[in-house]
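>>> For reference, the sequence and a predicted model appear below.
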Amino acid sequence: MSPFTVTEGDGPIILGMPHIGTWLPDDLTARLNARGRGLDDTDWHIARLYDGVLPGATVVASTVHRYAIDANRDPAGVSLYPGQNTTALCPVTDFDGQPIWEAGQEPGEDEVLARREAFHAPYHAALLAAVERAKARHGVAVLWDCHSIRSDIPFLFEGTLPVYNIGTNDGVTCAPGITTAVQAACLASGDPTVLNGRFKGGWSTRHYGQPETAIHAIQMETAQRAYLAAEAAPWAYDTDRAAKARKVFAAALGMIDRLARSGALAPR
């Protein structure tokens, strides 16, 4: 099975989806404990949530579950949030800090390297190719990294997460106009919104976001209460709730698309 899929569009925006995959090799599934086999930390239904919100967008999605490898982590294993609880490149715990592997079945260093080459590298090769195609066509490319997470996870953060969590690594990864457009769309919804709060953008956002080269990146971490019937198994999609979030994303992405096509995001 390919570790990624690409739906190629002709616009300047790429939607990255590193955490929507639910596939695992049989040998890894057999090593997970009952908690791990629940795959609770999936970005459930993100592909459906974004489907059609921006015609012409390219979508690059990982098919591999993040318990095999996290495609949004530094491949060198360096923490993106030093001093804070997080999960690793090849996780050994879930978002609640609980073990996901049977005792003694956690991946060792050699296995981490093998998974990196088999799953992480191909996804990012596809993502880079999509970014380069968009830039070649439009002179600029914008990566919007799509994520979702449960609203309340004490192991990772205090309190209840805002609905819309915008990450630009404190303004480093994209032009100010992109941030302004996304904030405006989110705030117009009336739902809680934060810029560079608990989630400042993962490795994809920080790695690709280089505005000085006409490549911009921004992460959207959406609280799952915005579009799921409940933040628990069976993780059912709620069409009515999702409609509001889809409207927000369509507005934000539409504004970014216009900025990109107008030349406003070219390096100064």
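Ah, there it is.

>>> where does the stretch 1-150 of the chain have low pLDDT?
Counting by pLDDT under 70, the stretch 1-150 of the chain contains no low-confidence range.

>>> what about the helices in it?
Along the stretch 1-150 of the chain, counting by DSSP state H, counting those that start in this stretch, helices occupy 26-31, 34-37, 46-50, 109-115, 121-138.

>>> what about the strands in the stretch 101-250 of the chain?
Along the stretch 101-250 of the chain, the stretches classed as strands by DSSP state E, counting those that start in this stretch are 141-149, 164-167, 193-195, 215-223.

>>> so what's the residue lying closest to D70 once chain neighbours are set aside up against?
Leaving aside its chain neighbours, D70 sits nearest to L89 (5.7 Å; criterion: Cβ to Cβ, 6 or more residues apart in numbering). The way it works is simple: take the backbone N, C-alpha and C, and place the C-beta from them, glycine included. Listed by Cβ atoms under 8 Å, 6 or more residues apart in numbering, the contact set of L89 reads I69, D70, R73, D74, P75, G77, V112, R116, H120.

>>> just Q84 next, same as before
L156.

>>> likewise the one 3 residues further on?
Residues in contact with T87 (Cβ under 8 Å, 6+ apart) are D41, R66, D70, R73, T93, D94, F95.

>>> sorry, back to before: can you put the strands of the stretch 101-250 of the chain in JSON lines and add distance to A242 and mean neighbour count?
Output for these, formatted as JSON lines (distance: least, Cβ to Cβ, whole Å; neighbours: other Cβ atoms under 10 Å):
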{"stretch": "strand 141-149", "distance to A242": "11", "mean neighbour count": "25"}
{"stretch": "strand 164-167", "distance to A242": "14", "mean neighbour count": "25"}
{"stretch": "strand 193-195", "distance to A242": "17", "mean neighbour count": "18"}
{"stretch": "strand 215-223", "distance to A242": "10", "mean neighbour count": "26"}
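
>>> That concludes my questions; thank you for your assistance.
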